[in-house]
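Q: Quick one, fold the following:
(2 chains)
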Amino acid sequence: MAKKKTTTTGTPSIPGLADAPPEGRALDARDRKTLQKIEMLAMEALAAVRLGKNPSLSIPVRALSNVSFDAEAGLIRLGDARQGRSFFHLKQAKLFMQTFLIAEHCKKFIEAGATTSIRDIYYAAKHSVAGTKENTFEDQSESDPIIEDLEVSIDALREELHLRAENRGSMVGPMTIRDTGDTIDLRRMGSGGWSIPSIVEPGRLDFVNTEAEFVLFIEKSAVWARLNEDRYWQTAKCMLLHGSGMAARGTRRLLRRMHEELKLPVYVVTDNDPWGFYIYSVIKQGSINLAYESMRMAVPKARFLGVMSSDIERFAIPKITAMAVTDEDSSRIDQIMRYEWFQSKRWQEELALMKKTGKKYEIEALSSKGIRYITQEYIPQKLRGRRGDAWLD
Amino acid sequence: MTTEPAPHEPEPDASKPTRRASAEAMAAKQRDISVSEFFQKNRHLLGFDNPAKALLTTIKEACDNALDACEEAGILPTLLVVVDEVSDGRYRVRVEDNGPGIVKEQIPKIFAKLLYGSKFHRLRQSRGQQGIGISAAGMYGQLTTGQPVIVVSKIGKGRPAWRVAVRIDGRKNEPKVLNDKNDTAEWEKDHGTSVEIELTGLYRGGRTSVDAYLEQTVVANPHLELTYRPPKGLPVHFPRASDVLPPEAQEIKPHPHGVELGMLLKILHESGKRTVKMTLMEEFSRVTAGVADELCARAGIDPNGQAQRADAAKVEALHGVMVASNAAMPPIKRFAATLAKSDRSLRDALLEDASGFTPALAELVVRRAGMEPSVRARIVTPTQVEHLFDAVAKSQVRILPPPANCVVPVGEGLIMEGLKRRFQAEFFTSHTRPPAVYRGNPFVVEAGIAFGGSLSKEDSAEVLRFANRVPLLYQPRACAIHEAVLKVDWKSYGLQQRKGELPVGPLAIFVHLASVWVPFTSEAKEAVAHYDEVVREIRLALMECGRKLGTWVRAQQAERWESQRKSLFEKYIVELAASIHAITNVPEGKVREDFANALPNHVNIPAPAADTLVGAPVDEADATPPGPEVRPSTPPPAPADEAEAAPFEDGPSKPAKKKKGS
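A: Below is the predicted model:
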């Protein structure tokens, strides 16, 4: 059988799909490269099995145990640990099969020049396993990690696989962009703002012009809406973004690009609780799960504007707005305190204090001082005093 | 009474006890209570306490007698059991055999006199033991229906088949023949006996039914051909499973290991003019002149003295030496360690941790070692432990185990035949223990197991208890066999078992206790008494069967597991091939073939041969696990990296990861 492969009398072993795309559509070099990677993965499995071996994928481990904090670069980096995923293994056989099923569908989308959501690909790849009542995927929560596995095992970016996540987060501000060919003035986005897509790579998204002097990321959409209503971005000359909670890939990549390409400083406002702090750290240093993309997404120079514990005294925020730290919060605090990138003295103190007082504050707590307190007092003051105040970094 | 003064008219005083009968009046009523009268009043002792049980006991006693008679005469038994419902709640039972027949004169006594028989006075294995059963059944029938026992018997070709209708005189325990003594019947057989009893009874199904009894009798007696005509439904016929008659049981004398002090005293006392040595040699089995001399020497008794005159203390010493021969000590280091942690007395520690000790023997050897039996085990020094071991060794005389020919086990092969006749199972095994002794009585325990197949997976195991080939249906919880079954850890053989309960699973357990004298808990012969030696032997036999079962069950599981693995991979290969084809354009069929070819390297099962091996019954001793042993001559799996080792990490215990081709 190995003979057949070398003589290539029948089907070519690595068909030149990248060279001769169907539907006559020309593929760019990047797509061809991705397709080749997928094909190599399949050919390697086939070669192994033809030798009677157990075909196996080598997948970098995406867990805390395999990430390290590069203090110099200010980034979380993925380590070298890899885990095998073999086909002839009771627990891994299905995962192995699923990985190839996802790869097959990614290939289809790349060839068709289409982009799809990770939810679409879940539906596209879902069917019952031949002759059984079992499904290839029961749930999107099964296919999502498989997609990430595929990304890391063939070292392809999600957008290179033509996959996108749902849009999450919005942006407004003094800037004009070109989004897949459409020129959009982000000064005229009304109350909802421009919805940030999951793929914001150059070519799909380009910056046309801007007067913005900095970028302000707000954790919560409600607070962002308040700032947008006051057209704070206009007065302060900033890009105003929110992430509806944790910043999604697209939002993070966008922050990184604005910081890198437009040289805009990035400021972050989150709730005063461990979850908020962690959102800031993900923007700044990257996340454990996507550590392999930290270099493209993290903004190591991002600054934490608030809400920090010292603000409570400094801005005389009424104590009545405090919320009790729950057990869940408390264990999250413990967890974060152990992360390498939270080891600075000030963060440790901040976290320890929160645990000690048992109090946390939402950004909205500032509204107890007046409807426009946040735009007229808090943020301007924090930005003004940024030189005197030691950053909670 | 007359001595008591009675100054006034005696007024009845409730507080004072009044005499109700004089000694003379009572003496007039005192007389011998005949056995039959005693059992009339206490019929539950014989198994006639309710109508259902009475019907069963009647059939059981008649069958026991028939089988004993056939075997003693060396005839392969052919039995016919007929149960007719005469009227509501009234049955006529007839059991007919092809035995040697009974001499005419003996018929009345055998069937209508309690405690009349040939079996009580000898030490030999038989079903019946005391000569009560069949007469008691006849008496029960007579009491409830007024009908006599009708016996037809013929002792040879050309001889008349005598017909006798007999009643029992309850007061005198004497038979009374009702018909003309020259009555004969038409009888086509050359020889045999037929007994007919009419009684009040209840015919029903279930664990204690007549049907269950007969089915089990067939299991333990593969040489029996049985036809059963039940009151309802079709007749059942069980053809013979074996044409070999069990070897004849030999009569034996008691063995020294298990003799009781009282019995020894009685034997010596009734020894006439014989010497101690001669008495020992003649009254006990396995006692040679050498053994007798040594026993006497160790007990400090004169072997040539007259046995009758032996000093009581010396007889006690002799008894100690005799039973000590059966005692076994654990390894000395382990025993010393046990003592050091014990809270008990040395005597109790010995009884618990060593085997074969009686309380008297334990005290004897402790004293011989220079200690008090009540001394706390914890303070015994290592030197004293050595003394104790010496004392045990010095007390022991090597005596051969009792002769095996006095007990006749069914045999491992025939137990399996019997079980196969009764159960549609997948796996059968059996084990016969070597002869052992309780109270001087040799016995042999046998166990068998039927597993899987049509046996219920959800129910508790069915336990079939037998004593001298007779099924025991009642009082399972009072029985030593039941206790021994509970004491076995069935979990280690792959079954489920709650603490103190029977194992659950598709399992039938057969236990047979063969002995010259089965220790029943009562005259009704329903349950085996709890002798430690008996329970221990049953447990060991069951454990041996359990081990074979465990091996088989594990092999089955491994095989099932393997085939699951295989089908799992096969299922995903189809999917995977479609994806790889879509990615690489290699034909889907070719990809599938490539994966299918590699599959055997990673699953320990040969693809085609697997089906034929599943469910094949395994023969007794060589319980070789099927399936995984056989492998095609494909090269062993090549990669030895972590990916190769990993697939087995969470599987069940497997026979072997890498087996060479067979």
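Q: who in the stretch 1-150 of chain B is up against chain A?
A: Taking Cβ under 8 Å from any Cβ of the partner chain, no part of the stretch 1-150 of chain B reaches chain A. Every residue, glycine included, has its C-beta placed from N, CA and C.
Q: pLDDT weak spots in the stretch 1-150 of chain B?
A: B:1-21, B:26-40, B:45-46, B:113-132 (pLDDT under 70).
Q: all strands for it, in order.
A: B:78-87, B:90-96, B:149-154 (DSSP state E, counting those that start in this stretch).
Q: Partner strands of the shortest one and their direction?
A: Meaning strand B:149-154. Within its sheet, strand B:149-154 is paired with strand B:162-169 (antiparallel), strand B:192-200 (antiparallel), according to DSSP bridges.
Q: how about the longest one: buried residues?
A: Spelled out, it's strand B:192-200. By 16 or more other Cβ atoms under 10 Å in any protein chain shown, the buried positions in strand B:192-200 come out as B:192, B:193, B:194, B:195, B:196, B:197, B:198, B:199.
Q: between these, which is nearest residue B:41?
A: Nearest to residue B:41 among the buried residues of strand B:192-200 is residue B:199, at 17.8 Å by Cβ to Cβ.
Q: quick one, what contacts the nearest residue to the closest one once chain neighbours are set aside?
A: Distance criterion Cβ to Cβ, 6 or more residues apart in numbering or on different chains; nearest residue to residue B:199, sequence neighbours excluded, is residue B:141 at 3.9 Å. Counting by Cβ atoms under 8 Å, 6 or more residues apart in numbering or on different chains, residue B:141 makes contact with B:58, B:147, B:149, B:197, B:198, B:199.
Q: my read: the fourth one touches residue B:90, true?
A: Right, the one you point to is residue B:197. No - applying Cβ atoms under 8 Å, one finds residue B:197 not in contact with residue B:90, separated by 11.5 Å.
Q: Would stretch B:561-578 count as contacting chain A?
A: Yes - interface with chain A: stretch B:561-578 contributes B:565, B:568, B:569, B:571, B:572, B:574, B:575, B:576, B:578 (Cβ under 8 Å from any Cβ).
Q: quick one: residue A:122 and chain B, what's the gap?
A: 15 Å (Cβ to the nearest Cβ, to the nearest Å).
Q: count of neighbours near that residue?
A: 22 (other Cβ atoms under 10 Å in any protein chain shown).
Q: quick one: residue B:237 and residue B:226 touch, right?
A: Yes - counting by Cβ under 8 Å, residue B:226 is a contact partner of residue B:237 at 7.4 Å.
Q: Distance-wise, check the residue in chain B that chain A sits nearest to relative to residue A:87.
A: Closest to chain A within chain B is residue B:602: 3.6 Å, counting by Cβ to the nearest Cβ. Going from residue B:602 to residue A:87 by Cβ to Cβ, to the nearest Å gives 8 Å.
Q: related to what we said a few turns ago, looking at the strands of the stretch 1-150 of chain B, which is buried most?
A: Mean neighbour count, computed with mean count of other Cβ atoms under 10 Å in any protein chain shown, is highest for strand B:149-154 among the strands of the stretch 1-150 of chain B, reaching a mean of 25.
Q: With just CA atoms, put that one into PDB.
A: What follows is strand B:149-154, C-alpha atoms only, in PDB (Å, rounded to 0.1, in the frame of the first residue of the first chain):
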ATOM      1  CA  VAL B 149     -49.800 -47.500  54.200                       C
ATOM      2  CA  ILE B 150     -50.000 -49.800  51.200                       C
ATOM      3  CA  VAL B 151     -46.800 -51.600  50.200                       C
ATOM      4  CA  VAL B 152     -46.200 -53.800  47.300                       C
ATOM      5  CA  SER B 153     -42.900 -55.600  47.100                       C
ATOM      6  CA  LYS B 154     -41.200 -58.200  45.000                       C
END
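Q: Contacts for it next, please.
A: B:101-102, B:104, B:107, B:111-112, B:138, B:141-142, B:160-167, B:185, B:187, B:189-197.
Q: change it to 6 Å
A: B:101-102, B:107, B:111, B:138, B:161-166, B:185, B:187, B:191, B:193-197 (Cβ atoms under 6 Å, 6 or more residues apart in numbering or on different chains).
Q: how about the residues of the stretch 101-250 of chain A near chain B?
A: Applying Cβ under 6 Å from any Cβ of the partner chain, we find that the stretch 101-250 of chain A lies next to chain B at A:101, A:104, A:107, A:129, A:130.
Q: Which residue comes closest to the residue positioned nearest the centre of chain A once chain neighbours are left out?
A: Centroid-nearest residue in chain A, with Cα atoms, centre = their mean: residue A:249, separated by 2.5 Å. Leaving aside its sequence neighbours, residue A:249 sits nearest to residue A:198 (Cβ to Cβ, 6+ apart; 5.7 Å).
Q: Give me the neighbour count for that neighbour.
A: When neighbours are counted by other Cβ under 10 Å, residue A:198 comes out with 21.
Q: Please apply the same query to residue A:275.
A: Neighbour tally, residue A:275, other Cβ under 10 Å: 16.
Q: how far does the helix or strand harbouring it sit from the chain's center?
A: Using DSSP states H and E, residue A:275 sits in helix A:274-285. Distance of helix A:274-285 from its chain centroid, counting by Cα atoms, centre = their mean, to the nearest Å, is 12 Å.
Q: Could you list every helix and strand in contact with the helix or strand just after it?
A: Proceeding N to C from helix A:274-285, the next assigned helix or strand is helix A:294-297, under DSSP H and E. When contacts are defined as 3 or more Cβ pairs under 6 Å, 6 or more residues apart in numbering or on different chains; DSSP states H and E, helix A:294-297 packs onto helix A:249-261.
Q: Determine the angle, from 0 to 180 degrees, between the helix it packs on and helix A:274-285.
A: 50 degrees (axes from the mean of the first three to the mean of the last three Cα atoms, to 10 degrees).
Q: buried stuff in helix A:249-261?
A: For helix A:249-261, a neighbour-count test (16+ other Cβ under 10 Å) marks A:249, A:250, A:251, A:252, A:253, A:254, A:255, A:256, A:257, A:258, A:259 as buried.
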